[in-house]
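Q: Provided below are the primary sequence and the corresponding predicted coordinates.
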Amino acid sequence: MKKQLAHYTIILIIIIIANFFIPRLLPGSPVKTLMGESVAEMTAEEKMGILDAYHLNAPLYEQFGYYISDLVTGDWGISFSKRLPINQIIKPAILWTLLLSSVTLFFSVLIGSFLGALSALRRKKNRDLSIVLGTVLISSIPPFWIAILLLAVFGARLGWFPTYGAYSMWSDLQGWPYILDLLKHLTLPATALVITSLMPYFSTTRYSVLKTISEDYVKMAKFRGIPPMQINLGYIMRNTLIPVFTVLMMDVGYLLSGSVLVETVFSYPGLGVLMRDAVAARDYPLIQYTFLISSLLTVAALFVADLLYHKIDPTLEVADEK
């Protein structure tokens, strides 16, 4: 565990350093965002004054010092483009992204693992081939294209689901009506992400089931007359838990980064849309902390995966001790 903590500490240090330099490598100046159209009428001295006020004209090492100080104290400053405290902007975006990611992960694991196991158990049959080809085909479609298709068909044309946002902004819903409204807004973006996230769980489960079927203890269980359902659930599917769990933890980072386009299509107010707006506006503070939060959530998911591995498979603890 000490070695793992050292690894994660190094990763966090790299993230914090990269988080400072990446926004400053982008072309353009934040002065235009800060002052709007009036920037054309500003003198060079006035522009320098704006940069000085936000420490953007200071040497990089001084800017880095201010950055570390703000990071430690939790005072993340004011957004250039939105004119609001960073903390106030990011908190609701985190909650919306976590909601979308959690729903997506749940249904991706459930549907992908089910299809993978079904395909493996019915191998060498026509249905197996159709499941494999269908899953590969649908998972190869870009997420934004599926999002646009779902939006056009089920949102704009049929009107079954809302076309933008995370909730009805001009309504005063409470209780169950409010929850149902959230679910309606969540359905299309979550469906787009689930469709494009099936393949890792499908392929991992299928490979694990095919490998487990040929094990001696499974053959012995069949020889002893144990019911097929008990063999499938207790012997075969149990052994697919660890590889599927690994993919699940790794998929957190993909969802946090890959949901940018889907959130943009549906104007879903998560971290993806926030990061897009920050990059377009050269909003250094907002870029820094949206990227930082996304990275920390990914690292935290991987760290939790390491902790839970020993609970799922005790043999890993023995291997670590050796």
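A: Cool, the structure landed. Residues are numbered from 1 along each chain as shown.
Q: first vs last residue of stretch 261-269, how far apart are they?
A: End-to-end distance for stretch 261-269: 12 Å, by C-alpha to C-alpha, to the nearest Å.
Q: Counting neighbours, show which residues of it come out buried.
A: With burial defined by 16 or more other C-beta atoms under 10 Å, the residues of stretch 261-269 counted as buried are Leu261, Val262, Glu263, Thr264, Val265, Phe266, Tyr268, Pro269. Every C-beta, even on glycine, is put in place using the N, C-alpha and C of the backbone.
Q: how about the helices of the stretch 1-150 of the chain, start to end?
A: Taking DSSP state H, counting those that start in this stretch as the criterion, the stretch 1-150 of the chain carries its helices at 2-24, 30-35, 44-53, 60-73, 86-121, 126-139, 143-150.
Q: of all those helices, which lies closest to Met220?
A: For those, the distance to Met220 is smallest for helix 86-121, at 18.2 Å, taking C-beta to C-beta.
Q: Just list what the closest one packs against, helices and strands only.
A: helix 126-139, helix 176-213, helix 241-265, helix 271-280, helix 284-312 (3 or more C-beta pairs under 8 Å, 6 or more residues apart in numbering; DSSP states H and E).
Q: ok, back up a step: redo the helices of the stretch 1-150 of the chain as TSV? Include mean neighbour count and mean pLDDT.
A: Below are those laid out as TSV (neighbours: other C-beta atoms under 10 Å; pLDDT from 0 to 100):
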stretch	mean neighbour count	mean pLDDT
helix 2-24	13	80
helix 30-35	19	56
helix 44-53	12	63
helix 60-73	13	82
helix 86-121	19	84
helix 126-139	14	74
helix 143-150	18	83
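Q: looking at the ones you listed, which is closest to Ile179?
A: Here helix 86-121 is closest among the helices of the stretch 1-150 of the chain (C-beta to C-beta), at 11.5 Å.
Q: How many residues are close by the closest residue to Val136 other than its chain neighbours?
A: Nearest non-adjacent residue to Val136, counting by C-beta to C-beta, 6 or more residues apart in numbering: Met199, 6.9 Å away. Neighbour count for Met199, taken as other C-beta atoms under 10 Å: 19.
Q: if I pick Met199, what's in contact with it?
A: Listed by C-beta atoms under 8 Å, 6 or more residues apart in numbering, the contact set of Met199 reads Gly112, Thr135, Val136, Ser139, Ser140.
Q: What pLDDT does the model give Leu26?
A: Per-residue confidence (pLDDT) for Leu26: 65.
Q: going forward, begin numbering at 419 instead of 1
A: All right, first residue 419 from here; so that's Leu444.
Q: Now do the domain split for this protein, please.
A: Under the assignment the TED database, the domains of the chain span 419-493, 512-668+678-686.
Q: and of those, who's closest to Leu704?
A: domain 419-493 (8.9 Å).
Q: Format the helices of the stretch 419-568 of the chain as JSON lines; extra columns: distance to Val662.
A: What follows is the helices of the stretch 419-568 of the chain, written out as JSON lines (distance: least, C-beta to C-beta, whole Å):
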{"stretch": "helix 420-442", "distance to Val662": "21"}
{"stretch": "helix 448-453", "distance to Val662": "44"}
{"stretch": "helix 462-471", "distance to Val662": "50"}
{"stretch": "helix 478-491", "distance to Val662": "35"}
{"stretch": "helix 504-539", "distance to Val662": "6"}
{"stretch": "helix 544-557", "distance to Val662": "15"}
{"stretch": "helix 561-568", "distance to Val662": "21"}
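Q: Relative to Leu720, which of the ones you listed is closest?
A: When the helices of the stretch 419-568 of the chain are compared for distance to Leu720 using C-beta to C-beta, the nearest one is helix 420-442, at 7.9 Å.
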